[in-house]
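1. model this:
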Amino acid sequence: MEQPPESGFAPGLTARVELTVSDTDTALAVGSGDVPVLGTPRVLALAEAATVAATATRLLPGMTTVGLRVELDHTVPTPVGRTVVAQARLTEVTGRRLHFDVSVTDGSATVAQGRVERALVDRSRFVERASRTP
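-> As a prediction, the model looks like this:
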């Protein structure tokens, strides 16, 4: 698919971020369950952080990306104290839409994997529009 010339994004762009799981990252702490392991909302936030990191150095001034869609399978529990790594790889650029494959690993174990779709937007117009939403 064709990409807008102002985006500067092409498939293959990657980034990774790490998190050492603390008590504040657990399902119990974030309200997504009652067990003291890495909560799915934190897994999702980490995966999204990797997609943001992948785009950060390529954004033109005044531009940002916002999340549109997420598919995530969180299949392996991670206890407090372990370090997980989220990786994102840009797989497709469709106009202003950026499609990423994401994975979160704990050593050799895949904790979660899925897809994240983000949109390239003008930051000030986006914020202005959001403030007008009832």
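2. Which pLDDT value does the model give residue 1?
-> Looking at residue 1, its pLDDT is 39.
3. swap in residue 7?
-> Residue 7 is assigned a predicted lDDT (pLDDT) of 58.
4. what's the answer for residue 67, then?
-> According to the model's per-residue confidence, residue 67 sits at a pLDDT of 97.
5. ok, which stretches of the protein are helices?
-> 27-30, 40-56, 123-132 (DSSP state H).
6. Export the shortest one to PDB, keeping only CA atoms.
-> What follows is helix 27-30, C-alpha atoms only, in PDB (Å, rounded to 0.1, in the frame of the first residue of the first chain):
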ATOM      1  CA  ALA A  27      -3.400  -7.700  38.000                       C
ATOM      2  CA  LEU A  28      -4.300  -7.100  41.700                       C
ATOM      3  CA  ALA A  29      -2.900  -3.500  41.600                       C
ATOM      4  CA  VAL A  30      -4.500  -2.500  38.300                       C
END
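7. Nearest residue to the middle of this protein?
-> residue 48 (1.0 Å; CA atoms, centre = their mean).
8. any idea how far residue 34 is from that one?
-> Taking CB to CB, to the nearest Å as the measure, residue 48 falls 24 Å from residue 34. Every C-beta, even on glycine, is put in place using the N, C-alpha and C of the backbone.
9. Residue 104 too?
-> Residue 104 sits at a distance of 21 Å from residue 34 (criterion: CB to CB).
10. Counting neighbours, go ahead and name the busier of those two.
-> For residue 104 against residue 34, the residue with the higher neighbour count under other CB atoms under 10 Å is residue 104, and the figures read 27 against 8.
11. hang on, the earlier thing: for the residue nearest to the centre of the chain, what are its contacts?
-> Shown in contact with residue 48 (CB atoms under 8 Å, 6 or more residues apart in numbering): 67, 70, 116.
12. Quick check: it vs residue 114, distance?
-> 11 Å.
13. shared neighbours of these two, anything?
-> Counting by CB under 8 Å, 6+ apart, the shared contacts of residue 48 and residue 114 are residue 70.
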